[in-house]
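Participant: next one to model:
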Amino acid sequence: MRVEVRRMLIASLGHPVQRTRTAAAYVVAKIAHHDYPEQWPDMLDHLVALLRLDALSAHGSMQVLAEFIHEDAAFDTLPAIASALLPEMLRLYSSQDTDPSATETKCHAITILRDCLESLSMAARETPAWAENINSALSQWITAIGNVLATQSSDSNLLTQSILVNHQ
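Facilitator: Numbers count the residues shown, from 1 in each chain. Have a look, this model is predicted:
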């Protein structure tokens, strides 16, 4: 039964009604708090797959990831989480898509990047080898952010605002 409930919740992350997606994201994040990774080892795989599926599914997945990383990710799972998520967040952020939902997705990607890096930097104090993961991720992101800001588009203005808001 637990597996079936998880399957239905993951499927609901791509629901066309935003309230349904948001409610499902909240429930998935709460379940993940208790069950990841021991009782739900493939949760991250499901969320990453949704990032590649379509805009609605990506949005639902990113809501879970933002909540989970910000509140619940344990230090011992951070390297695996970051190595799975940061390339996907960079792919979404670097997308040439310019519709409003793509801009929102890019802002979510920056939020997830920030939360991953904050958590990794705290963990790196205890495990200095993790600093290499941070440096590797940052160099790719700095290039991507520079490229977006260089375009001087409305996308870059919104993303600049997102970076400033997320930095405070």
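Participant: show me where pLDDT drops low in this protein?
Facilitator: By pLDDT under 70, the weakly predicted segments of the chain are 133, 152-168.
Participant: center of it, which residue is that?
Facilitator: Nearest residue to the geometric centre of the chain (C-alpha atoms, centre = their mean): residue 112, 4.2 Å.
Participant: quick one: that residue from residue 64, how far?
Facilitator: 10 Å (C-beta to C-beta, to the nearest Å). Yep, even glycine has a C-beta here, placed from its N, CA and C like the rest.
Participant: and the helix ranked longest in the chain, what's buried?
Facilitator: When the chain is parsed with DSSP state H, its longest helix is helix 100-126. Across helix 100-126, burial judged by 16 or more other C-beta atoms under 10 Å covers 102-117, 119-120, 123-124.
Participant: and if you look at stretch 91-98?
Facilitator: Applying 16+ other C-beta under 10 Å to stretch 91-98 flags 92-94 as buried.
Participant: in strands, which of the residues you listed appear?
Facilitator: Counting by DSSP state E, those place none of their members in strands.
Participant: as CSV, those with distance to residue 4 would be great.
Facilitator: Converted to CSV, the buried residues of stretch 91-98 look like this (distance: C-beta to C-beta, whole Å):
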residue, distance to residue 4
92, 29
93, 34
94, 36
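Participant: nearest to residue 141 among those residues?
Facilitator: residue 93 (7.7 Å; C-beta to C-beta).
Participant: quick one: residue 82 and residue 3, what's the gap?
Facilitator: In terms of C-beta to C-beta, residue 82 sits 27 Å off from residue 3.
Participant: look at these two and report which has more neighbours.
Facilitator: With neighbours defined as other C-beta atoms under 10 Å, residue 82 and residue 3 compare such that residue 82 has more, 25 against 8.
Participant: how about the strands of the chain, start to end?
Facilitator: So, for the chain - with DSSP E - there are no strands.
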